[in-house]
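Only the shape, not the letters, is given here:
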């Protein structure tokens with residue numbers, strides 16, 4: 001042995017050992033394993049100590065999502081699996097991923113953090129303090145199992161959040177090529193103002209006066225009441241009311257209502273019931289003589305909430321029942337346990353964007369994986385995408 005090279009060889013061996021250790025701590029698990037009582041207990045504990053709350057990756061949401069969107073109803077060519085990360089013997093990270101050949105309409109094989117049409121945030125659940133270790137393990141795993149994938153796509157992380165900062169630090173330390181390929185701005189509610197002061201700041205005096213007039217007209221039809229619940233009382237009845245209300249509107253006409261097929265109907269029923277049992281559901285309804293004219297389901301986290309689905313009776317559209325319900329939702333500002341609400345609404349939503357004045361910045365990032373040839377191909381593809389966007 002060349003003793004002069006011994007320190008270098010020792011360092012190389014340690015680097016290889018660390019890579020093996022990282023891979024050993026990150027595993028792919030089946031849906032059957034996810035459902036075991038032991039894993040579910042560890043998963044719930046992880047959600048409670050995650051650095052970024054994300055109800056869309058909690059067990060009561062993700063397991064029904066896999067059944068509805070990753071099974072027989074999955075998009076052609078997509079393969080979904082769930083990565084779990086262990087640190088110090090405890091579950092410290094979970095991320096669903098999919099292999100796909102469809103990259104925003106282009107036939108490009110890649111691996112991506114998995115979201116579906118009814119999941120609105122892509123941050124993995126990672127225990128506080130283990131963010132960089134988690135990303136290192138995910139990237140090592142992606143390198144070793146790249147297959148045909150040209151890159152890893154991580155969608156909808158909060159820019160500047162704990163997981164985004166940790167990912168950027170890991171990428172910088174390894175000089176791994178990467179690029180932000182999508183930015184999205186989403187309305188959110190986060191303010192020190194009271195609900196009354198917030199409304200006065202967000203909407204003009206004329207607009208507020210018009211909304212009061214509309215509310216009076218709405219009340220002319222009967223007894224107008226607001227109902228807010230965070231328990232699991234009569235959840236089945238509430239679900240049936242919501243699905244009927246949504247189906248009676250434009251989504252029903254367009255064929256996109258949740259009740260339109262068995263998979264999405266069962267999915268919605270399962271997640272609402274699961275969230276209620278877990279104490280993670282807030283139900284808000286505006287009722288006229290007991291019948292709902294607007295409804296909102298939100299998912300609660302330790303510090304804030306996510307507005308998941310809303311529906312309103314379009315027969316009363318002239319009196320803005322949906323906006324009237326969102327004004328009631330401003331009461332969250334008066335409750336100390338709610339620091340923020342993510343609207344989960346599309347950018348430029350005509351109702352939410354004019355009422356909620358704060359914005360959440362989300363980014364989607366492509367990351368090089370695999371060996372040198374694959375990474376060179378990734379750089380060329382990103383250069384092409386940059387030119388395409390500029391043209």
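Structure received. These figures come from a predicted structure and were not determined experimentally.

quick one: secondary structure of residue 93?
Three-state assignment for residue 93 (DSSP: H, G, I helix; E, B strand; the rest coil): strand.

before we move on, what about residue 147?
coil.

Lowest mean pLDDT among the helices and strands of this protein, which one is it?
Within the chain, confidence by mean pLDDT, DSSP states H and E is lowest for helix 6-25 among all helices and strands, at a mean of 47.

Parallel or antiparallel, which strands does the helix or strand following that one pair with?
As assigned by DSSP states H and E, the chain's next helix or strand after helix 6-25 is strand 26-29. If you go by DSSP bridges, strand 26-29 pairs up with strand 79-87 (antiparallel).

what is the rounded mean pLDDT of the partner strand?
The predicted model gives strand 79-87 an average pLDDT of 95.

cool, stretch 129-144 as well?
The model assigns stretch 129-144 a mean pLDDT of 97.

quick one: the nearest residue to residue 31 once chain neighbours are set aside from residue 283, how far?
Leaving out its chain neighbours, the residue that sits closest to residue 31 by Cβ to Cβ, 6 or more residues apart in numbering is residue 66, at 5.7 Å. Backbone N, C-alpha and C define where each C-beta goes, glycine included. Residue 66 is 25 Å from residue 283, where distance means Cβ to Cβ, to the nearest Å.

Comparing the two, which residue is more hemmed in?
Each of residue 66 and residue 283 has its neighbours counted (other Cβ atoms under 10 Å); residue 283 has more, 24 against 19.

What are the phi and psi values at the closest residue to the more buried one other than its chain neighbours?
The spatial neighbour of residue 283 that comes closest, neighbours along the chain excluded (Cβ to Cβ, 6+ apart), is residue 229 at 4.8 Å. Note on residue 229: its backbone torsions stand at phi -140, psi 150 [degrees, to the nearest 10].

likewise residue 65?
Per degrees, to the nearest 10, the backbone of residue 65 is at phi -60, psi -40.

swap in residue 109?
According to degrees, to the nearest 10, residue 109 has phi -70, psi 130.

Go ahead and confirm the residue nearest to residue 283 touches residue 272.
No: with contact defined as Cβ atoms under 8 Å, residue 229 does not reach residue 272; the gap is 11.7 Å.

anything in contact with each of the two?
Counting by Cβ atoms under 8 Å, 6 or more residues apart in numbering, the common neighbours of residue 229 and residue 272 are residue 238.

Report the contact partners of residue 146.
So residue 146 contacts 111, 369-370, 374 (Cβ under 8 Å, 6+ apart).

Let's see which of these end up in strands.
Members of those lying in strands (criterion: DSSP state E): residue 111.

Going by distance to residue 207, which of the contacts of residue 146 wins?
residue 111 (46.7 Å; Cβ to Cβ).

Disregarding residues adjacent in the polypeptide, which is nearest to the closest one?
Closest to residue 111 by Cβ to Cβ, 6+ apart is residue 149, at 4.3 Å.

Quick one: classify the residue most central in space within the chain as helix, strand or coil.
Nearest to the geometric centre of the chain sits residue 121, at 1.9 Å (Cα atoms, centre = their mean). Of the three states, residue 121 takes coil according to three-state DSSP.

Run a quick check on it versus residue 54, I expect a contact.
Yes: between residue 121 and residue 54 there is a contact under Cβ under 8 Å: 5.2 Å.

Residue 229 and residue 272: who's more crowded?
Between residue 229 and residue 272, residue 272 has the larger neighbour count (other Cβ under 10 Å), namely 25 against 15.

which sections of the stretch 51-200 of the chain are below the confidence cut-off?
Applying pLDDT under 70 to the stretch 51-200 of the chain picks out residues 71-78.

can you check the stretch 251-391 of the chain too?
The model of the stretch 251-391 of the chain has pLDDT under 70 over residues 388-391.

In it, mark out all the strands, start to finish.
Along the stretch 251-391 of the chain, counting by DSSP state E, counting those that start in this stretch, strands occupy 281-288, 291-300, 304-312, 340-342, 358-368.

Indicate which one of the ones you listed is closest to residue 94.
Closest among these, using Cβ to Cβ: strand 291-300, at 16.8 Å.

Go through that closest one and flag the buried ones.
292-300 (16 or more other Cβ atoms under 10 Å).

for these, which one is nearest residue 350?
Ranked by distance to residue 350 (Cβ to Cβ), these are led by residue 294 at 15.6 Å.

so who does that closest one touch?
285-286, 310-313, 321-322, 324-325.

Now do the helices in this protein.
For the chain, applying DSSP state H gives helices covering 6-25, 31-34, 37-48, 59-69, 131-144, 162-174, 195-202, 205-219, 235-247, 250-254, 262-277, 321-329, 352-355, 372-390.

Tabulate these (a markdown table), appending distance to residue 182.
Shown next, in a markdown table, are the helices of the chain (distance: least, Cβ to Cβ, whole Å):
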| stretch | distance to residue 182 |
| --- | --- |
| helix 6-25 | 28 |
| helix 31-34 | 29 |
| helix 37-48 | 26 |
| helix 59-69 | 21 |
| helix 131-144 | 19 |
| helix 162-174 | 13 |
| helix 195-202 | 28 |
| helix 205-219 | 32 |
| helix 235-247 | 28 |
| helix 250-254 | 25 |
| helix 262-277 | 25 |
| helix 321-329 | 27 |
| helix 352-355 | 19 |
| helix 372-390 | 10 |
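
Now distance to residue 240 too, for the strands of the stretch 251-391 of the chain, in TSV please.
Shown next, in TSV, are the strands of the stretch 251-391 of the chain (distance: least, Cβ to Cβ, whole Å):
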stretch	distance to residue 240
strand 281-288	13
strand 291-300	11
strand 304-312	12
strand 340-342	26
strand 358-368	32
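
Which stretch among the ones you listed approaches residue 157 most closely?
It is, among the strands of the stretch 251-391 of the chain and with distance given as Cβ to Cβ, strand 358-368, at 5.8 Å.

residues of that closest one that come out buried?
Those buried within strand 358-368 under the rule 16+ other Cβ under 10 Å are 360, 362-368.

now do stretch 111-129
Buried residues in stretch 111-129, defined by neighbour count with 16+ other Cβ under 10 Å: 111-116, 118-127.

Start and end of it, how far apart?
Terminal residues of stretch 111-129 lie 26 Å apart, using Cα to Cα, to the nearest Å.
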